[in-house]
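Participant: kindly return the folded structure for what I paste below:
(one chain, ligands or ions: 1)
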Amino acid sequence: MPSLDDVTRPPGRPPRILYGGDWNPEQWPEETWTEDVRLMRRAGVDSVTLGVFSWSRIEPAPGAREFGWLDRLMDLTHAHGIGVVLATPTSSPPPWLGRLHPETLPRDEDGRTEWWGSRQHFSHSSEAYRRYAAAITEDLAARYADHPALTMWHINNEYCTHDWGDEAARTFRRWLRHRYGTLDALNTAWGTDFWSQRYGDWAEVLPPRRAHYLKNPAHVLDFRRYTSDQLLECFRAERDIVRRHTPHLPVTTNFMPFWSGQDGWAWAAEEDVVSVDVYPDPRDPAAGAYNAMIGDLTRSQAGGGPWMVMEQAAGAVNWRGVNHPKPYGLNRLWALQAVAHGADAVCYFQWRQSRQGAEKFHSGMLGHTGERGRVFQETVRVGQDLARIGPRVAGGRVTADIAVLHDWNSWWAGDQDGKPSRRIDHAEIVRAWHRALWDAHLPVSFAHPHHDLGAHRLVLAPHLHLLDDRAVTNLLGYVHGGGTLVCGFLTGIADHDDRIRPGGMDARLRDLLGIDLLQEWWPLDVGEHVDCGTFRGTLWSEELTPAPGAETVAAYRGGELDGLPAVLRNGRAWYVSTLPEPAALSRLLAGVAREAGARPVLDGLPPGVEAVRRGDLLFLLHHGRDQVTVPLPGCHRDLLTGADTDGTLTLDRYGVAVLEERGPEPVPAAGERP
Ligand code: GAL
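Facilitator: A predicted model of the protein is given here:
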C-alpha cells in the first residue's frame, strides 16, 4: 500500500503534511459552502472529511438515495484543490432504522435501550444494522470511486458502542464457541466452579449483565475481547466494500486516544493508515507529555511509519465539566508536536463550528466569530507552518531505543473490581512511566509483548497484569539476547485467562527478575507513601524475598517492609515494586537507560522544552509560557523562520523550532573574497 502522502498528493506537488478537518456542510445553507472553501484555501486546508454523520441526509427513507448535495460538494472541493476523506456515515443511523428495526438499538448492562436522538445508537451485532450499513457503504463507494477529489476512506467514527442485549447474547455465544469449542473448555477457562456458575447449556451464557455482586472477571474479560472483535468485524465489512471499489486508496477509522474499548494492536493491523483523535485539556500541566504518549503509541500502532491526527480541537471542547479555550499558540504547539512524533496529517473536529446541535459550543477551525476571530487566525498560521515544513518533514521516521510494552488484554483484566486496590489504574501507570521517560528526553515507542523487541536497548513493562506464555518466552529471549528489561509491580501475575499464576507471578519471570518469593501485596492509600531511602513510593508496595544473587538497589525503610526491595535488579532484569514519585521514577529509568546505551535526544534542555528527532530534523517544543534559551551546539537553520542559530536558540511561550543541521560554512579558497 502506498504512503498517505503518495496517494493524497496531487501529481507534481512536493510532499506535504495533510491539513484539514471534518466538514459538516449539510448543517449549512449552500451559500456558506463557497465561503467555506474560500477560507479553507486561505488557511492552507487541503483535506476535508465529509459525510461522517450524513446517513439521514443520504438515505432519508429506507432504500432512498440523495447524493446530489454530496456530488456538488465533491465537485466544489475538487475545483478548489481540496481532497476529500470520505466517511461511511454508519455511526449514526437515521431514526427510521430504529423505528423499523428496534433490534438495531443497543442495550446497556441494565437492559435499557439506547434510543436514537444522539449518535452511535447501533448494535454491532444486529443483522439489520449491518445490512443497511453495507448497502449505503456499497452505494457511496460505487458513486465516488472515480471522483478525483476522493483521497481516502474513513470508516464509521470512533467505534465505541457496547451491547448487552439479545442480539449481543447471540453473537457472544458464537464468539465463545469459536474460542473454546466446548462448554467444558469455557467452564475451565472462566473458573465457573467458583460461586456455582458452571454452565450446562450455551443458552445460559449471557453478556455480563447487571448482577447482584462482583462478576466473574474471566467472563468480563472475554466480553471485552468479544466487543472489540465484534466492532472490528463491522469495520472490516465496510472496509472490504470500499476496497473493492478503490483498491488504490487507503482506509482508516479514527481511534480514541489510549482508549480501553478496542484492542488497538489488532485494529491497527487492519488499517492502511492509523488515525487518532486527541483532546487534551488545555489546563492540564501534563498535557504535553500526554500528547507525546498518544503520538508515540499511534506511531507504534502504525508500525513506526506516519500516522494521522484525524481530530483535535482548535479551541475549547464542550464535554468537560469546565471547558477552557486554548491560549494563543497552544494549538500550533500541539499540532507541530504531533508532526514531531510522526504525524503526516493534522486535522480537526471540525472545520466550521456548528450553530445548532449538541456541539454548538465546541470550537471549530472557523469559529462563530468568523474570519476575524483569533482561532481562525491561528488556523491560518498553522496552515502556513505546515506548508513550510511539509516538504522536508513528510514521510520522515521517528526511532526510539526504548519500548514500553502495552497490551489491551492486560488493561481489561487488570482494571476490574475485586482486586487488592481500586486505585490501580492501568492507564495512569503506563502514563506515569511514559512521562518519566519524556521528562528525561528519552525517545520512546510502544510495543506489544509478542513483538520482536530485539531492536530496542531497553524494554519497560510498567503494568502487564496478564502475560501469556508466549509473551513470557519473548521477554526471556529478549533479556537473554542482551536486552535490558524493567518490570513494574503486578506484571505477569496472571495467564491469558486471568488465572493467577502459582506463586503470584509467572515462575520463569520471577527467576529472571531475581524474585524468590512474592509474599504479600501492600497497596497504599491516597496520601500514603513508603520511604525508599532516596525517594518515596506511592500507590503500591510489596513484601518480596529476593533470590540469591539479586541486588536490592533501593530498599523500603521502616514499617512492615523494612529492608525489603523496592527496586530489585538481577543482571539486566529490573523489578520496581512500588510507584516512585515522578522525579524519582524519571531518574531511575534514565539511569537504567544510560547503562543500556539509550541516549536522550539532547542534554541540558530547560524544563518544559521537549526535543524530538524526526528523520534528520530536530524539533524543539516549548510547553511553557516564559521565554527560554536552549543551548544548541552546532549550526542549525529553523525551517519555520529561516533563521540560523549560533549555539543557542530562544523560544517564546509555546514556541517551536524545526531545525535542520547545517554543515560548517565553506572556508573561502585562497584569494577568494569571503
Ligand atoms: C469526537 C468525535 C467528533 C466530535 C468530537 C468532539 O469524539 O469523533 O464527532 O464529537 O469528539 O470533541
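
Participant: following the host helix or strand of Phe376, which helix or strand shows up next?
Facilitator: Using DSSP states H and E, Phe376 sits in helix 374-393. The C-terminal neighbour of helix 374-393 among helices and strands, as given by DSSP H and E, is strand 402-405.

Participant: contacts for that following strand?
Facilitator: Applying CB atoms under 8 Å, 6 or more residues apart in numbering, the contact partners of strand 402-405 are 296, 300, 430, 433-434, 437, 442-449, 451, 453, 456-462, 464, 593, 598. C-beta here means a position set from N, CA and C on the backbone, and glycine is covered the same way.

Participant: of those residues, which belong to helices?
Facilitator: Asp296, Ser300, Val430, Trp433, His434, Leu437, Ala593 (DSSP state H).

Participant: contact partners for the second one?
Facilitator: The contact partners of Ser300, taken as CB under 8 Å, 6+ apart, are Ala403, Ser445, Phe446, Ala447.

Participant: from those residues, which is closest to the ligand?
Facilitator: Phe446 (21.7 Å; CB to the nearest ligand atom).

Participant: and that closest one, how many neighbours does it have?
Facilitator: 24 (other CB atoms under 10 Å).

Participant: now find how far off-centre stretch 143-160 is within its chain.
Facilitator: Relative to its chain's centre, stretch 143-160 lies at 21 Å (CA atoms, centre = their mean, to the nearest Å).

Participant: tell me if that stretch is near the ligand.
Facilitator: Yes: Stretch 143-160 lies within reach of the ligand by CB under 6 Å from any ligand atom, at Asn157, Glu158.

Participant: in that stretch, which residues are buried?
Facilitator: Across stretch 143-160, burial judged by 16 or more other CB atoms under 10 Å covers 143-144, 147, 149-159.

Participant: could you dump those residues into JSON lines and include pLDDT?
Facilitator: Formatted as JSON lines, the buried residues of stretch 143-160 follow (pLDDT from 0 to 100):
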{"residue": "Arg143", "pLDDT": "98"}
{"residue": "Tyr144", "pLDDT": "98"}
{"residue": "His147", "pLDDT": "98"}
{"residue": "Ala149", "pLDDT": "98"}
{"residue": "Leu150", "pLDDT": "98"}
{"residue": "Thr151", "pLDDT": "97"}
{"residue": "Met152", "pLDDT": "97"}
{"residue": "Trp153", "pLDDT": "98"}
{"residue": "His154", "pLDDT": "98"}
{"residue": "Ile155", "pLDDT": "98"}
{"residue": "Asn156", "pLDDT": "98"}
{"residue": "Asn157", "pLDDT": "98"}
{"residue": "Glu158", "pLDDT": "98"}
{"residue": "Tyr159", "pLDDT": "98"}
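
Participant: show me those that map onto helices.
Facilitator: Under the assignment DSSP H, the buried residues of stretch 143-160 contribute Arg143, Tyr144 to helices.

Participant: from the buried residues of stretch 143-160, which ones fall inside strands?
Facilitator: In strands, judged by DSSP state E, the following of the buried residues of stretch 143-160 are found: Leu150, Thr151, Met152, Trp153, His154.

Participant: quick check, nearest of those to the ligand?
Facilitator: The closest of those to the ligand turns out to be His154 (CB to the nearest ligand atom; 10.4 Å).

Participant: give me the phi and psi for the nearest residue to the closest one once chain neighbours are set aside.
Facilitator: Closest residue in space to His154, ignoring its immediate chain neighbours: Ala87 at 4.1 Å, by CB to CB, 6 or more residues apart in numbering. Per-residue torsions, Ala87: phi -100, psi 140 (degrees, to the nearest 10).

Participant: what sits against Ala87?
Facilitator: Taking CB under 8 Å, 6+ apart, one finds Thr49, Leu50, Gly51, Val52, Ser54, Trp153, His154, Ile155, Asn156, Asn157 in contact with Ala87.

Participant: ok, back up a step: just how off-centre is the helix holding Phe376 within its chain?
Facilitator: On CA atoms, centre = their mean, the centre of helix 374-393 falls 24 Å from that of its chain.

Participant: what are the C-alpha coordinates of that helix, in PDB please?
Facilitator: Written as PDB, here are the backbone C-alpha positions of helix 374-393 (Å, rounded to 0.1, in the frame of the first residue of the first chain):
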ATOM      1  CA  ARG A 374      -8.300  34.600  16.900                       C
ATOM      2  CA  VAL A 375      -9.000  30.900  16.400                       C
ATOM      3  CA  PHE A 376      -9.200  31.300  12.700                       C
ATOM      4  CA  GLN A 377      -6.100  33.500  12.600                       C
ATOM      5  CA  GLU A 378      -4.300  30.600  14.300                       C
ATOM      6  CA  THR A 379      -5.800  28.200  11.800                       C
ATOM      7  CA  VAL A 380      -4.200  30.200   9.100                       C
ATOM      8  CA  ARG A 381      -0.900  30.300  10.900                       C
ATOM      9  CA  VAL A 382      -0.800  26.500  11.500                       C
ATOM     10  CA  GLY A 383      -1.500  26.000   7.800                       C
ATOM     11  CA  GLN A 384       1.400  28.300   6.900                       C
ATOM     12  CA  ASP A 385       3.800  26.500   9.200                       C
ATOM     13  CA  LEU A 386       2.800  23.100   7.900                       C
ATOM     14  CA  ALA A 387       3.200  24.200   4.300                       C
ATOM     15  CA  ARG A 388       6.700  25.500   5.200                       C
ATOM     16  CA  ILE A 389       7.900  22.300   6.800                       C
ATOM     17  CA  GLY A 390       5.900  19.700   4.900                       C
ATOM     18  CA  PRO A 391       8.200  19.000   2.000                       C
ATOM     19  CA  ARG A 392      11.100  18.300   4.400                       C
ATOM     20  CA  VAL A 393       9.200  16.500   7.100                       C
END
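
Participant: which other helices and strands contact that helix?
Facilitator: Judged by 3 or more CB pairs under 8 Å, 6 or more residues apart in numbering; DSSP states H and E, the packing partners of helix 374-393 are strand 18-23, helix 30-43, helix 330-340, strand 617-622, strand 656-662.

Participant: just the strands in the stretch 51-200 of the chain please.
Facilitator: Using DSSP state E, counting those that start in this stretch, the strands found in the stretch 51-200 of the chain span residues 83-87, 150-154.

Participant: packing partners of the last one?
Facilitator: In terms of contacts (3+ CB pairs under 8 Å, 6+ apart), strand 150-154 is packed against helix 4-8, strand 83-87, strand 251-252.

Participant: distance check, the spatially closest residue to Phe194 that is not a sequence neighbour against Val430.
Facilitator: Counting by CB to CB, 6+ apart, Asn216 is the residue found nearest to Phe194 once chain neighbours are left out, at 7.3 Å. Distance, Asn216 to Val430, using CB to CB, to the nearest Å: 26 Å.

Participant: neighbour count: the two, which is higher?
Facilitator: In this view Asn216 and Val430 are compared by other CB under 10 Å, and Val430 has more residues nearby, 25 against 20.
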